[in-house]
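Asker: 3D model of this:
(one chain, ligands or ions: 1)
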Amino acid sequence: MELFEEELPIFPLSYAEIMQRLRRVDPIKYGATRNYLNGAVSYLSPYISRGVISTKLVLAEILGRGFKPAQIEKFIQELAWRDYWQLVWIAKGDAINQDLKHQQKPISNRQISNAIVDAKTGIIAIDTAIRNFYKTGYLHNHMRMYIAAIACNMSQSHWKVPAQWMYFHLLDADWASNALSWQWVAGANSNKKYVANQDNINKYCGTNQKKSFLDIPYEQFASLDIPEHLKETSPLNLQTVLPKPEALRIDKNLPSHIYNFYNVDPLWKKDTPANRILLLEPSHFKQYPVSQKSIDFILSISKVNIENIQIYVGEFETLVADYELLNVFYKEHPLNNHYSGIKEERDWMFEVKGYYPSFYSFWKKCKKQLRY
Ligand SMILES: Cc1cc2nc3c(=O)[nH]c(=O)nc-3n(C[C@H](O)[C@H](O)[C@H](O)COP(=O)(O)OP(=O)(O)OC[C@H]3O[C@@H](n4cnc5c(N)ncnc54)[C@H](O)[C@@H]3O)c2cc1C
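Answerer: Presented below is the predicted three-dimensional model:
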């Protein structure tokens, strides 16, 4: 079931191509097929997570094509999950780095199973997906759930290290969606652990594997011992290699607009003359390491779409002090709380803000703002 190279998703960089991808999303087919590995998913997440486009813009484009919300509810709901997790991050801050609602149990290690990292779980669909993941920086949502279930609920690893492994390699790395989804699978942010058996994987991945360690009825999951080949675990040593710092050319008469790992929006204040600086803070990447592929992606996408953008590798405070920046603008994000200057709101799909303990209580309010 190895996917051929030409079938693997690729992620173009120019804004025009990104908009073309958005215009090609089929939100009706999406609703019927999104759980299948070859379903009509949008492949927009790297652009949404890097802040190139917002969920609001995606929704406006799709509704602009004349679809009625009721026809495309599944698609809107999935976009809303993204905003929901971001709002939880804003409300809870660093608390999302620990078990949010319940302590994950049982845990036998705080590492990651080597079989996952080495794509040797023995589940053909999953091992193929992990190998492809290293090539593309993308994983289908169902695969993310399967992998998280194997890591947390079969190998009994605490969710955090495996989540950091996945975040490291994802082009769409978004710590809110990532950490909170991992916790959802592990039962730390939900009332029930997520598990999937071989039949489920075969159905959604187009395989017909039998006799794997997951080829069991659901009742047996509760008493399943850690499979022998998942027992060997390792800590991770994830490090981001940032580009070499270079001197900036700053026009002191202009404001400075700060872009970062979560904001590479080419339309943001586009028509205002400004110093445009992509800030890559070593302290940020020490806490949230990402792969070379992920760094290359953000560097390329910002250079291709934002005229005259300059890269600053260093801390926010040093940037402002060294270049005596006065008029600093940036977009709101939970990781920017140490910035100073003028904070601007980002775009959200709905006017529903604050903390909702469950997605469905949040969604109920959001739905009222859609015209059915
Ligand atoms: C364990 C785990 C880890 C995850 N880590 C990340 C992550 O680091 N970054 C990330 O962006 N998403 C993450 N997700 C959510 C989801 O898997 C991806 O957003 C989605 O698969 C991206 O592919 P797509 O753009 O083709 O999505 P589509 O299915 O086409 O959905 C359209 C958009 O809706 C949003 N979306 C869809 N499903 C979800 C979801 N379950 N949760 C939140 N937003 C969603 C995304 O912005 C996505 O681009 C994770 C999910 C799980 C289970």
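
Asker: tell me which parts of the stretch 1-150 of the chain are close to the ligand?
Answerer: 34, 41-45, 48-49, 78-79, 81-82, 85, 141, 144-145, 148 (C-beta under 6 Å from any ligand atom). Quick note: C-beta positions are derived from backbone N, CA and C, even for glycine.

Asker: Report the distance from the biggest strand by length in the chain to the chain centre.
Answerer: Assignment by DSSP state E gives strand 275-280 as the longest strand of the chain. How far strand 275-280 lies from its chain's middle: 22 Å, per C-alpha atoms, centre = their mean, to the nearest Å.

Asker: Quick one: residues in contact with stretch 221-235.
Answerer: Here stretch 221-235 makes contact (C-beta atoms under 8 Å, 6 or more residues apart in numbering) with 108-109, 111-117, 120-122, 150, 153-157, 161, 195, 197, 213, 216.

Asker: Buried ones only from these, please, as a PyMOL command.
Answerer: Of those, the buried ones go into a single PyMOL selection, burial set by 16 or more other C-beta atoms under 10 Å:
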select buried, resi 109+111+112+113+115+116+117+121+122+150+153+154+155+156+157+161+195+197+213
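
Asker: circling back to that earlier point, show me what the longest strand of the chain pairs with in its sheet, parallel or antiparallel.
Answerer: Each strand paired with strand 275-280, and its direction, by DSSP bridges: strand 256-259 (parallel), strand 310-313 (parallel).

Asker: after it, next one along is what?
Answerer: Moving toward the C-terminus from strand 275-280, the next helix or strand (DSSP states H and E) is helix 282-287.

Asker: elements contacting that following helix?
Answerer: For helix 282-287, there is no helix or strand it packs on, judged by 3 or more C-beta pairs under 8 Å, 6 or more residues apart in numbering; DSSP states H and E.

Asker: near the ligand, anything from whatever helix or strand comes next after it?
Answerer: Using DSSP H and E, the helix or strand that follows helix 282-287 in sequence is helix 292-305. No - Helix 292-305 stays out of contact with the ligand when judged by C-beta under 6 Å from any ligand atom, the minimum separation being 10.5 Å.

Asker: Roughly how far does the nearest residue to Asn38 once chain neighbours are set aside sit from the ligand?
Answerer: Using C-beta to C-beta, 6 or more residues apart in numbering and skipping the chain neighbours, the partner closest in space to Asn38 is Gly206 (6.9 Å). Using C-beta to the nearest ligand atom, to the nearest Å, Gly206 is found at 18 Å from the ligand.

Asker: Identify the residues contacting Gly206.
Answerer: Gly206 neighbours (C-beta under 8 Å, 6+ apart): Met1, Tyr36, Leu37, Asn38, Ala125.

Asker: ok, now Thr136?
Answerer: Applying C-beta under 8 Å, 6+ apart, the residues near Thr136 are Leu8, Pro9, Ile10, Phe11, Leu171.

Asker: and the last one, what element?
Answerer: Under the criterion of DSSP H and E, Leu171 resides outside all helices and strands.

Asker: ok, Pro273 touching Ser256?
Answerer: No - using C-beta atoms under 8 Å, Pro273 is not in contact with Ser256; the gap is 11.2 Å.

Asker: okay, these two: which has more neighbours?
Answerer: Ser256 (25 against 11; other C-beta atoms under 10 Å).

Asker: what sits against the more buried one?
Answerer: By C-beta under 8 Å, 6+ apart, the contact list for Ser256 reads Ile250, Ala274, Asn275, Arg276, Ile277, Tyr323, Leu325, Asn327, Val328, Phe329.

Asker: Those residues: which ones sit near the ligand?
Answerer: For the ligand, no contacts are drawn from those by C-beta under 6 Å from any ligand atom.
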